[in-house]
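A.B. asks: could you look at this predicted model? Sequence included:
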Amino acid sequence: METLIREATVEDMGAIFRVEKRSYPPELQAPHRILRDRFETFGIRVAELDGDVVGFYTCVPVELDLSDERKAIELIMQN
């Protein structure tokens, strides 16, 4: 068994969503649209086991002041 951590591609989005569905109860699952936004904004890394995507992670700022939208976007882009 070989594990590989790599940058996700758009082709991985279906597998990422399946991992999300297996990992969380329905009320805690991120919708496909949110996962796509995270992919496009922050990037997603996937874990492959023998060529199959079995996990993923992404970074999302948890403490972000959205009162100044322009500054918030700049901070997000720096992440």
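C.D. replies: Nice, I can see it.

A.B. asks: measure S23 to Q29 for me?
C.D. replies: 8 Å (CB to CB, to the nearest Å). In short, each C-beta sits where N, CA and C put it, glycine included.

A.B. asks: more neighbours: which of the two?
C.D. replies: Between S23 and Q29, Q29 has the larger neighbour count (other CB atoms under 10 Å), namely 15 against 12.

A.B. asks: that one contacts E20, correct?
C.D. replies: Yes. Taking CB atoms under 8 Å as the definition, Q29 is a contact partner of E20 at 5.4 Å.

A.B. asks: for L49, give the beta-bridge partners.
C.D. replies: Beta-bridge partners for L49, by DSSP bridges, are T3, D52.

A.B. asks: show me what contacts it?
C.D. replies: Each residue near L49 by CB atoms under 8 Å, 6 or more residues apart in numbering is listed here: M1, E2, T3.

A.B. asks: among those residues, which has the minimum pLDDT value?
C.D. replies: Minimum pLDDT for the contacts of L49 is recorded at M1 (78).

A.B. asks: what sits against that residue?
C.D. replies: Counted by CB under 8 Å, 6+ apart, M1 has contacts L49, D50.
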